[in-house]
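1. Would you be able to build a 3D model of this:
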Amino acid sequence: MPGPVSIVVANTRNLVYLSGMKKPTLLMTICLAPLTLGRMAAPLPAAAAEEPFAAARQRMVREQLAGPARDITNARVLAAMGKVPRHEFVPERLRAQAYEDGPLPIGDGQTISQPYIVAFMTERLELKPNERVLEVGTGSGYQAAVLSELGAQVYTIEIIEDLAKRAARDLERLGYTNVHVRAGDGFRGWPEAAPFDAIIVTCAPEKIPRPLIDQLKDGGRMILPLGPLRSQELVVLRKHAGRVEQREVLPVRFVPMTGQAQRPETIPDSERLRTLTGPAPSSAK
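-> The predicted model follows:
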């Protein structure tokens, strides 16, 4: 019997290039939800059936990720992106487009993120084998599979229960037994599995949820889109001795985080992150 599979819903992300900008901007959708699942890459389909997708996947890595102006250089991330069968995480009618340079709809008003964005966020987590990572926003399960290929223990949360269940089934079918999926509100994180070495959030709160900071291990990293819809930055956080440093790395546009994040009056003062200590945020656009 494979280990428990937790479902993490990845928020919808669409990457676009803004006028006059060299760096891409993200358009994403939200997620939050509880269920359970897990990873260990399962056997791929027969060679003949897999070959067209394998060639497209390697071309995706070569041209969209490692190519000029894309700046994805981490060999482990590139290898993971070259291994995960993205076509298995999209509707069958869209499989021929699975390795194109953009997001695709996956149902329930959500999308699977552009491969570049998945790689960009993953690279900045700087994951090591066997580290524990929380994902808020499971979506199709594709991001969770990539994290799994890096040897992480993945805990993922999706607010849309149907998506969480579907992602859990697909991850289990593909043999990702180290991914745990939960349907629920990601604002509160996953206290029972904490602390985490890294946290990745694929929907945008206006303020960093205090529970996520509390569940981040000392020395841990977090990446998330932050701010209102029309003024968001992808932010990398590092926690050191109780201090949190943040750095802006990319202008983006994600869907807002839903659930408790949109009801601040219900959040106890003890769970609000009032200030972040450390150097002032910088911009790397």
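
2. what residue ranges in the stretch 151-285 of the chain score low on pLDDT?
-> The model of the stretch 151-285 of the chain has pLDDT under 70 over residues 262-285.

3. Give me the distance between Tyr155 and Ala75.
-> Using CB to CB, to the nearest Å, one obtains 25 Å as the distance from Tyr155 to Ala75. Heads up, the C-betas are built off the backbone N, CA and C, glycines and all.

4. Between those two, tell me which one has more neighbours.
-> Neighbour totals were compared for Tyr155 and Ala75, and Tyr155 leads with 29 against 9 (other CB atoms under 10 Å).

5. That one and Arg132 touch, don't they?
-> Yes. The criterion here is CB atoms under 8 Å, and Tyr155 meets it with Arg132 at 7.2 Å.

6. shared neighbours of those two, anything?
-> Applying CB atoms under 8 Å, 6 or more residues apart in numbering, one finds that Tyr155 and Arg132 are jointly contacted by Ala193, Phe196.

7. Go through the host helix or strand of Val236 and flag the buried ones.
-> For Val236, the element it lies in under DSSP states H and E is strand 232-240. Under the neighbour-count criterion of 16 or more other CB atoms under 10 Å, strand 232-240 has Gln232, Glu233, Leu234, Val235, Val236, Leu237, Arg238, Lys239 buried.

8. Just give the nearest non-adjacent residue to the second one, would you?
-> It stands for Glu233. Leaving out its chain neighbours, the residue that sits closest to Glu233 by CB to CB, 6 or more residues apart in numbering is Glu248, at 4.2 Å.

9. Now Glu149. Nearest residue, chain neighbours left out?
-> On the basis of CB to CB, 6+ apart, the spatially nearest residue to Glu149 that is not a chain neighbour turns out to be Ala80, at 3.7 Å.

10. roughly how far apart are that neighbour and Phe254?
-> Distance check for Ala80 against Phe254: by CB to CB, it reads 22 Å.

11. Compare those two (neighbour count), which wins?
-> Neighbours were counted for Ala80 and for Phe254 using other CB under 10 Å; Phe254 has more, 29 against 23.

12. residue ranges for the helices of the stretch 151-285 of the chain, please.
-> When assigned using DSSP state H, counting those that start in this stretch, the helices of the stretch 151-285 of the chain occupy the ranges 161-173, 210-214.

13. I'd like to know which elements the longest one is packed against.
-> Counting contacts by 3 or more CB pairs under 8 Å, 6 or more residues apart in numbering; DSSP states H and E, helix 161-173 packs against strand 104-107, helix 142-149, strand 153-158, strand 179-183.
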